[in-house]
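A.B. asks: Fold the following.
(one chain, ligands or ions: 1)
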Amino acid sequence: MTDICEKCGLPKDLCVCEDIAREQQRVKIFVVKRRYGKLVTVIEGLDRKTITSLAKKLKGICASGGTIKNGRIELQGGHLETVKKCLDGGGYQVEVVK
Ligand SMILES: [Zn+2]
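C.D. replies: Next comes the predicted model:
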């Protein structure tokens, strides 16, 4: 019996669903205003495997604190441009949400 992909109905060795999913993965970044007018830069849509190391890298580049919450990175401060440049350089599909 051949394994059939549930998504496209093709045999698993012909299926490209996973490749497409990776190419279509879009990282969204946006800035939200928290209490007392504090800005937080949110990065979402990241792979769980890379989120920890990326959070560390971004905290270093932006020289600010940050946390990982619900699968997204929250950086203290408004760092839209810096984060975008860093992710662009890493080959991510980045979308800035305003
Ligand atoms: Zn498929």
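
A.B. asks: Residue 83 in helix, strand or coil?
C.D. replies: Here residue 83 takes the helix state, with states given by DSSP: H, G, I helix; E, B strand; the rest coil.

A.B. asks: I should have written residue 58 there, sorry.
C.D. replies: Using three-state DSSP, the structure places residue 58 in helix.

A.B. asks: Which helix or which strand is home to the residue nearest the centre of the chain?
C.D. replies: Note on the chain: the residue nearest the mean C-alpha position is residue 46, at 2.8 Å, using CA atoms, centre = their mean. Secondary structure from DSSP states H and E places residue 46 outside every helix and strand.

A.B. asks: pull the longest strand from the protein.
C.D. replies: strand 26-33 (DSSP state E).

A.B. asks: Contacts for that strand next, please.
C.D. replies: If you take CB atoms under 8 Å, 6 or more residues apart in numbering as the criterion, strand 26-33 is touched by 39-46, 78, 80, 83-84, 87, 92-98. Heads up, the C-betas are built off the backbone N, CA and C, glycines and all.

A.B. asks: Go through these and flag which are in strands.
C.D. replies: Those of those lying in strands (DSSP E): 39-44, 93-96.

A.B. asks: thinking residue 58 is in contact with residue 68, fair?
C.D. replies: No - with contact defined as CB atoms under 8 Å, residue 58 and residue 68 do not form a contacting pair (10.7 Å).
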